[in-house]
Structure formats: C-alpha cells, structure tokens
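Chemist: The sequence and its predicted three-dimensional model are supplied below.
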Amino acid sequence: MTIDDKVQVFKALAHPVRLRLVEKLAKGEQCVCVCLEMFDIDISTLSRHLSVLKNAGIVADEKRGKNVYYRLTCPCILQVCDCLEKVAGKRKKPGIPV
C-alpha cells in the first residue's frame, strides 16, 4: 500500500457523514434505506458518500432485489477510530499540548 492509498482512506473518513456511516456499519450490514434515515440528506448525497467509502476500500455493497446493502470490508478501521477518540480526548484536556 502506498502513501497515496493511505491518504485516500483517511480522506474518505474525513467527513462526519462518512465517519458516522462507518460507525453504523460497525454494528453490521445495513440497507441504504436504513442509512438514509440517519441523516437529513437526499439519496444522491448519501450515495456519493458511500461511493467514496467504497472506492477507498472501506465498504462493499451487494444488491438484493431492489435494495442495496453495505458492509465494512475492513473492521480493523474501527481500531483507527478508537485511536482517534483517544487522540481527541487528550487534545481536549487542559495542559496537554496538541
């Protein structure tokens, strides 16, 4: 994996909607219709966010009938999210430089 590949993954995660989608998919496969209920956005915007995650290799999709389901392809991304929470927590504590 090149640095550019890694940057693509971080860029894909660098949006609140996409990060929330990853957290939702951490609980299991979800239909697009369920994901849509989480946000005040239209289906085309949600599809673009899911496409960014898919192109980065973070999620995969499967069409079943009229519905499309998404799942995490690399659950290890959750460890990165856990690490980010720790970094953000330290950043907010007084006396600890950022």
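Modeler: It's in. Numbers count the residues shown, from 1 in each chain.
Chemist: Pull the residues that contact stretch 81-90.
Modeler: Outside stretch 81-90, the residues that touch it by C-beta atoms under 8 Å, 6 or more residues apart in numbering are L13, L19, V22, E23, I96. Where C-beta positions appear, they are placed from N, C-alpha and C, glycine not excepted.
Chemist: Least confident of those?
Modeler: Minimum pLDDT across the contacts of stretch 81-90 is recorded for I96, with 54.
Chemist: Can you pull up the most central residue in the chain?
Modeler: Geometric centre of the chain, nearest residue: V22, 3.1 Å, by C-alpha atoms, centre = their mean.
Chemist: low-scoring pLDDT stretches of this structure, where are they?
Modeler: Along the chain, the model assigns pLDDT under 70 to residues 92-98.
Chemist: Strands along that one, start to end?
Modeler: 30-31, 59-64, 67-72 (DSSP state E).
Chemist: Distance check, E37 against I3.
Modeler: As judged by C-beta to C-beta, to the nearest Å, E37 and I3 stand 37 Å apart.
Chemist: actually Y69, not the one I typed
Modeler: As judged by C-beta to C-beta, Y69 and I3 stand 32 Å apart.
Chemist: More neighbours: the two, which one.
Modeler: Under the neighbour definition other C-beta atoms under 10 Å, Y69 and I3 were set side by side, and Y69 has more, 18 against 7.
Chemist: That one bridge partners, please.
Modeler: Y69 forms beta bridges with C31, E62, as assigned by DSSP bridges.
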